[in-house]
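Visitor: could you look at this predicted model? Sequence included:
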Amino acid sequence: MSDEPITRMPQHPASPPHAGMVWIPGGTFQMGSNDFYPEERPVHRVSVDGFWMDAHPVTVAEFARFVAATGYVTVAERPLNPADYPDADPALLVPGGLVFKRTRGPVNLDDYRQWWAYVPGANWRLPYGPKSDPTGRDNHPVTQVSYEDAEAYAKWAGKALPTEAEWEFAARGGLDGAIFTWGNEHFPGGKAMANTWQGEFPWQNLRLDGYFGTSPVGSFPPNGYGLYDMAGNVWEWTCDWYVPQHTEKPAKSCCTPSNPRVALSVPDASYDLTQRNARIPSKVLKGGSHLCAPNYCFRYRPAARSPGMIDTATCHIGFRCIVRP
């Protein structure tokens, strides 16, 4: 593993196009990892141009302003089409979202249904369901937002969602090949650097980082580019369709892929094959969340990636935006 600086492009001279954004200098880096999960392979050299990025995930308060200005209704608040979910319980075909339920003890980690439940009435205002208390959540990342919701917000804000390469480059914060956004040590000096799960998932959360669910944005140190929560807290949507592995062919010595994007003309390759009857394509999620633990989902790393079906709204998925010059 290396934590050598990423090759950088010159600093952009312009001021931020929107408040709360930071400049991410373009450069060339090693994308992916050969050391953890198969979907992160192979490591390949990639270049991206510079761009502006939100310093932290979009918050509940920021999303509320969008809804107030536009009257937007999120996917989790809309009626469901039974044809899209042929195996679903008809009683659950009502607006809602997926909510994490901690188990009472160790369980078989092959069956996520033991800790995820579809909760009618769960949405971005009440991410844990109608009985939850939204008080004090304004500065937390907005959750229970689908890809469509994130894209709608970005368009309204005059921004865009990042590609996977842009997101990973930004998350590395100038450290090429490091395991985490802050370096290679998990808890440097015994200090938690991100909101993740400590203990045995999904029943024992030791809360060494001080949180059980999401945390207010900026609760942990920023990375080298001044970005907060690029590891843990909430997964974040990117605009790339998900494919099981990085598909770029090894570059010739004189050629490095620039600004790569997975933009499938037909997103069949992004279907989750474990969902036999739900033909819903997936986008790439990055960053991990407060539910990621080494014993189950060691994905609060820049190279880590996961599929997110575009209709999915959960209590641990959010997003942030970028602006390309």
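Guide: The structure has been received and is ready for your questions.
Visitor: which residue is the nearest non-sequential neighbour of residue 53?
Guide: Counting by CB to CB, 6 or more residues apart in numbering, the nearest residue to residue 53 once its immediate chain neighbours are dropped is residue 322, at 4.8 Å. C-beta here means a position set from N, CA and C on the backbone, and glycine is covered the same way.
Visitor: contact partners for that neighbour?
Guide: Contacts for residue 322 (CB atoms under 8 Å, 6 or more residues apart in numbering) come out as 24, 51, 52, 53, 54, 159, 160, 161, 162, 166.
Visitor: just the buried residues from these, in PyMOL please.
Guide: Burial among these is assessed by 16 or more other CB atoms under 10 Å; the matching PyMOL selection reads:
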select buried, resi 24+51+52+53+54+159+160+161+162+166
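Visitor: so which of the contacts of residue 322 comes closest to residue 134?
Guide: Nearest to residue 134, judged by CB to CB, of the contacts of residue 322 is residue 54 at 22.0 Å.
Visitor: ok, now how distant is that closest one from residue 60?
Guide: As judged by CB to CB, to the nearest Å, residue 54 and residue 60 stand 14 Å apart.
Visitor: try residue 196
Guide: Using CB to CB, we find residue 196 at a distance of 21 Å from residue 60.
Visitor: which of the two has more neighbours?
Guide: Legend: neighbour count by other CB atoms under 10 Å for residue 196 and residue 60, higher for residue 196 (27 against 21).
Visitor: list the contacts of the more buried one.
Guide: The neighbours of residue 196, taking CB under 8 Å, 6+ apart as the test, are 209, 231, 232, 288, 289, 290, 292, 293, 300.
Visitor: could you pull up phi and psi at the third one?
Guide: In this entry, residue 232 is assigned phi and psi values of phi 70, psi -170 (degrees, to the nearest 10).
Visitor: likewise the fourth one?
Guide: For residue 288, the backbone dihedrals (degrees, to the nearest 10) come out as phi 70, psi -180.
Visitor: run a quick neighbour tally on the spatially closest residue to it that is not a sequence neighbour.
Guide: The spatial neighbour of residue 288 that comes closest, neighbours along the chain excluded (CB to CB, 6+ apart), is residue 300 at 3.2 Å. Counted by other CB under 10 Å, the residues lying close to residue 300 total 27.
Visitor: ok, residue 300 to residue 136 distance?
Guide: Note on residue 300: its distance to residue 136, by CB to CB, is 24 Å.
Visitor: what of residue 226?
Guide: Using CB to CB, we find residue 226 at a distance of 25 Å from residue 136.
Visitor: which residues does the most centrally placed residue in the chain contact?
Guide: Per CA atoms, centre = their mean, the C-alpha nearest to the average position across the chain is that of residue 236, at 2.0 Å. Contacts for residue 236 (CB under 8 Å, 6+ apart) come out as 57, 167, 285, 286, 287, 317, 318, 319, 320.
Visitor: my read is it is in a helix, agree?
Guide: No - secondary structure assignment (DSSP: H, G, I helix; E, B strand; the rest coil) places residue 236 in strand, not in a helix.
Visitor: for the residue nearest to residue 53, name its beta-bridge partners.
Guide: Legend: beta-bridge partners of residue 322 under DSSP bridges are residue 53, residue 160.
Visitor: against residue 157, how distant is it?
Guide: According to CB to CB, residue 322 and residue 157 sit 11 Å apart.
Visitor: same question, residue 258
Guide: When distance is defined by CB to CB, residue 258 is 26 Å away from residue 157.
Visitor: ok, the two, which is more surrounded?
Guide: Of the pair residue 258 and residue 157, residue 157 is the one with more neighbours under other CB under 10 Å, namely 16 against 12.
Visitor: which one of the contacts of residue 236 is nearest residue 125?
Guide: Relative to residue 125, the closest of the contacts of residue 236 is residue 318; by CB to CB it sits at 14.1 Å.
Visitor: ok, back up a step: now, the most widely separated pair of the contacts of residue 236?
Guide: Using CB to CB, the two most remote members of those are 167 and 317, lying 13.8 Å apart.
Visitor: what are the phi and psi values at residue 97?
Guide: Dihedral angles of residue 97 (phi, psi; degrees, to the nearest 10) stand at phi -150, psi 170.
Visitor: what strand or helix carries residue 64?
Guide: Counting by DSSP states H and E, the element that carries residue 64 is helix 60-70.
Visitor: hmm, who's touching that helix?
Guide: With CB under 8 Å, 6+ apart as the contact definition, helix 60-70 has outside contacts at 72, 124-125, 134, 137-142, 145, 152-153, 156-157.
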